[in-house]
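J.: Take a look and give me a structure for this.
(2 chains)
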2 protein chains.
Amino acid sequence: MLNVLTVEETERLIDERVRPLMRTETVPLAKAAGRVLAEALTGTEYVPDFDRSTVDGYAVRAKDTFGCSEALPALLTLSGEILMGEQAPGALSAGCCMAIPTGGAVPEGADAVVMVEHSESYGDGTVGILKPAAPGDNMIYRGDDIRPGQVLLPAGRILSAQDIGTLAAVGRAEVCVAERPRVGILSTGDELVPAQQTPKAGQIRDVNTHLLTALMQAAGAVPTAYGIIKDDEAAIGAALDTAVRENDMVLISGGSSVGVKDATCRLIEARGELLMHGISMKPGKPTILGIISGKPVFGLPGHPAAAYFAARFFAMRALAALLGSERPQATVFARSLEAIGANHGRTQFTAVTLQKTADGYTAAPVRSKSGLITGISAADGFIAIPRDAEGVGPGQTVEVFLFCRLGL
Amino acid sequence: MLNVLTVEETERLIDERVRPLMRTETVPLAKAAGRVLAEALTGTEYVPDFDRSTVDGYAVRAKDTFGCSEALPALLTLSGEILMGEQAPGALSAGCCMAIPTGGAVPEGADAVVMVEHSESYGDGTVGILKPAAPGDNMIYRGDDIRPGQVLLPAGRILSAQDIGTLAAVGRAEVCVAERPRVGILSTGDELVPAQQTPKAGQIRDVNTHLLTALMQAAGAVPTAYGIIKDDEAAIGAALDTAVRENDMVLISGGSSVGVKDATCRLIEARGELLMHGISMKPGKPTILGIISGKPVFGLPGHPAAAYFAARFFAMRALAALLGSERPQATVFARSLEAIGANHGRTQFTAVTLQKTADGYTAAPVRSKSGLITGISAADGFIAIPRDAEGVGPGQTVEVFLFCRLGL
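T.: Numbers count the residues shown, from 1 in each chain, chains lettered A, B, ... in the order given. Alright, predicted model coming up:
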């Protein structure tokens, strides 16, 4: 007899049972953005591998410029010109300077660069420096960006554009990343018709196939939708067998009614192991988790908003485990504009809209029933009220999980 | 003679000149996630189109249950059973109830549903109700989710998984979205070698091609990289002509040195209109914007972090204009742990790491020179210190733009 688990117990169960199932592959750098790094990236060389100028000007010995001014320039002999992408023509001698472009290699002997704006060329092979330079001025030193042995990116990181830049800087043409898990999506219910069809009396359109497919795709999976399955144990069992065979994880939504929920449990038990039989959360309580052939199988509620929260918290946690990834949750803190009641004993998820003020955010709950998709579509994020909290008071600070729409 | 513009002037210029260039296309719902909606979505029918039960139980007239209790059940005649996906077999008469599953259509005459847990069936065609129901209990009414004329999603919205759910709920098989702009990316510099090559003395690897490609892709564009172009006006001009012909926007990075920057300006002026010749920001000042054949062309700094900020603020704003999209900027407020100095007269972008505390975030600056990619790769976000501010004091609240890595 399985009990209903808390949100935290469910999270621990997923981490324990699903994380060992991760697989990796090697992809070219151009395909790596958004993928999950499966190795820690450590520097193996100096970047840059030479001291660089950050301005157009003259490489100098700083002490040769000490005390100079516009009225009394330091007069230096122009002993060479550094070309972009090439080594300096030689070391810099005392009393000399070399012309250098932004990004050029600072010659041995030089310890600063003077901007061209702070110099004047006399055309006779001498240059006047109008402003003293301190050692290190306008230079990037060898290894300032990356040194051998420096940890650059941890394993599990979801690769951002900046991370791709770091991989390019250390010369990685290929990267070891987590395989994208394949996720099979089944929608069950005699009342469902495909989205493009007009429902007859008593029928509604299948929202969950589209909602869950888009969510899994955004989270780094390769979803496959198996369409609408009638509320028939044999039909659901056959579809489940196909989906388990062809995927790394399966989501079955629907079956909020007691009979169908029990059928889903029986189907999982007959094929593998039923791990969990409900989560103390609202909405989303009738959420089921099992393992078939080493693959996680979720039974999700049929109501779209309930299916969303169950998938957003638990199917996505399983996906993160399959990807071996960090779980970055973008959250903001906000003052609640209203009292929000909560059900004792269940973690309550409430969608909110955010308003930015001069010194922080305010949050207002979206009043909506759990079956409704528009309530979560209109929101900016949601709060999770702990199961032992007595709701939220007006003015109380809450943490809001953002429905972040643009990954940068 | 063009002046250096402020950040705000540059933003206005981009909005004015680039937004009219947007184009749209129609895509199937399955391909619409993450795209930018080009039409306002308005409800055309009721969703659901009938009153639905949210539980397994019995449809009743609420007043028939008033005053009942476990000790004194209300005895009702079971006059029918509602099947999923079908119309009720008839109207509910006084003193009667009908069995109904979760999601079933509530019959005419009924105004509440009693959970099966609060009933007992006597097996003789009568059912005992153990707890009084109020009108509306355990029901979703016709149109609770969507009503005709209701504005569901505004034009310009980046479609989230929840929005895809809303589109499915109203039966949209196709959606009108903005075309993904094609963005050509050129990297210039005699010092650059491809990322997979080992640099010789004075050379560095081309980071910007990879950084900008990944950034533009994450922002909804279709990037094409044209590789490394030598610092030669004719060579850059030829590559620019090709890139303008094959794309909707072009980014040329490199050319931080005065000569090359001037060359980029000359190339744009010879082919179209130079709009801007530097932005008062740090890093990123040597940023150029022109229009060639009606297409925006950006000259970006060569240093990766400077190129990143210029692209993140201005190339992405131009992309949002081409997409006709909202510009959701996920920001959090945080207390700065340190003083951060700022340059008067230029908007200063400083990368920061965030730490979550019980009642909010703290931010610490990443000390890094502008040429370095690792400084922005290691950060959680950045702050923009206005050009007229005297830096940030310790303990001061700052708004942090998040490097959000997962779009959900």
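
J.: Counting neighbours, what do you get for residue A:377?
T.: Residues lying near residue A:377 (other C-beta atoms under 10 Å in any protein chain shown) number 30. Glycine gets a C-beta too; all of them are placed from N, C-alpha and C.

J.: Hmm, it is touching residue B:166, no?
T.: Yes. Using C-beta atoms under 8 Å, residue A:377 and residue B:166 qualify as a contacting pair, with a distance of 4.4 Å.

J.: Which residues are in contact with each of those two?
T.: Counting by C-beta atoms under 8 Å, 6 or more residues apart in numbering or on different chains, the shared contacts of residue A:377 and residue B:166 are B:152-153.

J.: for chain A, what spans make up the helices?
T.: A:7-18, A:161-169, A:208-218, A:233-246, A:258-271, A:304-310, A:316-323, A:373-377 (DSSP state H).

J.: anything in the third one near chain B?
T.: Yes. With C-beta under 8 Å from any C-beta of the partner chain as the threshold, helix A:208-218 lies in contact with chain B, specifically through A:208-215, A:217-218.

J.: ok, now the last one?
T.: Yes. For a cut-off given as C-beta under 8 Å from any C-beta, helix A:373-377 has contacts with chain B, namely A:373-374, A:376-377.

J.: What score does the most far-flung residue of chain A relative to its centre have for pLDDT?
T.: Going by C-alpha atoms, centre = their mean, the residue of chain A most distant from its centre is residue A:124, 58.0 Å out. Here the pLDDT value assigned to residue A:124 is 95.

J.: and the gap between it and chain B?
T.: Going from residue A:124 to chain B by C-beta to the nearest C-beta, to the nearest Å gives 22 Å.

J.: Ok, residue A:69 next?
T.: Residue A:69 is 23 Å from chain B, by C-beta to the nearest C-beta.

J.: can you pull the contacts of that residue?
T.: A:130-132.

J.: Can you select the buried ones from these in ChimeraX?
T.: Selecting only the buried entries of the contacts of residue A:69 in ChimeraX, with 16 or more other C-beta atoms under 10 Å in any protein chain shown as the criterion:
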select /A:130,131,132
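
J.: what's the neighbour count on the spatially closest residue to residue A:46 that is not a sequence neighbour?
T.: Among residues not flanking residue A:46 along the chain, residue A:143 sits closest, at 4.1 Å (C-beta to C-beta, 6 or more residues apart in numbering or on different chains). Residue A:143: 17 surrounding residues under other C-beta under 10 Å.

J.: Contacts only, for residue A:143.
T.: Residue A:143 touches A:46-48, counting by C-beta under 8 Å, 6+ apart.

J.: Now the buried members of the residues you listed.
T.: Using 16+ other C-beta under 10 Å, the buried ones in those are A:46-48.

J.: so which of those comes closest to chain B?
T.: Distance to chain B across the buried ones among the contacts of residue A:143 (C-beta to the nearest C-beta) is lowest for residue A:48, with 5.3 Å.

J.: Now do that closest one, the pLDDT please.
T.: pLDDT, read off for residue A:48, is 93.

J.: any idea how far residue B:183 is from it?
T.: Going from residue A:48 to residue B:183 by C-beta to C-beta, to the nearest Å gives 27 Å.

J.: Could you check the pLDDT of residue A:328?
T.: 65.

J.: can you give me how far stretch A:54-71 is from the chain middle?
T.: 45 Å (C-alpha atoms, centre = their mean, to the nearest Å).

J.: Can you give me the end-to-end span of it?
T.: 26 Å (C-alpha to C-alpha, to the nearest Å).

J.: mind listing what's buried in that stretch?
T.: A:54-62, A:64-65, A:68.

J.: Filter the residues you listed down to the ones in strands?
T.: A:57-60 (DSSP state E).

J.: Quick check: of the residues you listed, which lies closest to residue A:117?
T.: residue A:57 (7.9 Å; C-beta to C-beta).

J.: Quick one: residues contacting the closest one.
T.: Contacts of residue A:57 by C-beta under 8 Å, 6+ apart are A:99-100, A:113-119, A:138.

J.: TSV for the residues you listed, including distance to residue B:202?
T.: Shown next, in TSV, are those (distance: C-beta to C-beta, whole Å):
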residue	distance to residue B:202
A:99	14
A:100	11
A:113	15
A:114	20
A:115	20
A:116	19
A:117	24
A:118	24
A:119	22
A:138	17
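
J.: Tell me which of those fall in strands.
T.: Using DSSP E, the contacts of residue A:57 in strands are A:99-100, A:113-115, A:119.

J.: Show me which residues of the stretch 1-150 of chain A sit near chain B.
T.: Residues of the stretch 1-150 of chain A lying near chain B (C-beta under 8 Å from any C-beta): A:29-30, A:33-34, A:47-50, A:52, A:54, A:56, A:82-88, A:101-105, A:116, A:140, A:144-146.

J.: Can you say which of the residues you listed are buried?
T.: Looks like those have A:29-30, A:33-34, A:47-50, A:52, A:54, A:56, A:82-85, A:88, A:101-105, A:116, A:140, A:144-146 buried, using 16+ other C-beta under 10 Å.

J.: Count the neighbours of the closest residue in space to residue A:44 that isn't next to it in sequence for me.
T.: Spatial nearest neighbour of residue A:44, chain neighbours left out: residue A:148 (5.7 Å); criterion: C-beta to C-beta, 6+ apart. For residue A:148, the count of nearby residues is 11 (other C-beta under 10 Å).

J.: follow-up on the earlier one: how about the buried residues of stretch A:54-71 in TSV, adding pLDDT?
T.: What follows is the buried residues of stretch A:54-71, written out as TSV (pLDDT from 0 to 100):
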residue	pLDDT
A:54	89
A:55	90
A:56	92
A:57	96
A:58	98
A:59	98
A:60	98
A:61	98
A:62	97
A:64	98
A:65	97
A:68	97
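
J.: Tabulate these (TSV), appending distance to residue A:297.
T.: Shown next, in TSV, are the buried residues of stretch A:54-71 (distance: C-beta to C-beta, whole Å):
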residue	distance to residue A:297
A:54	56
A:55	61
A:56	63
A:57	65
A:58	69
A:59	66
A:60	69
A:61	71
A:62	68
A:64	74
A:65	72
A:68	76
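
J.: Spell out which residues sit in contact with the closest residue in space to residue A:188 that isn't next to it in sequence, please.
T.: Take residue A:188 and drop its neighbours on the chain: the residue closest to it by C-beta to C-beta, 6+ apart is residue A:254, 3.6 Å away. Applying C-beta under 8 Å, 6+ apart to residue A:254 gives the contacts A:187-189, A:192, A:208, A:231, A:260, A:300, A:302.
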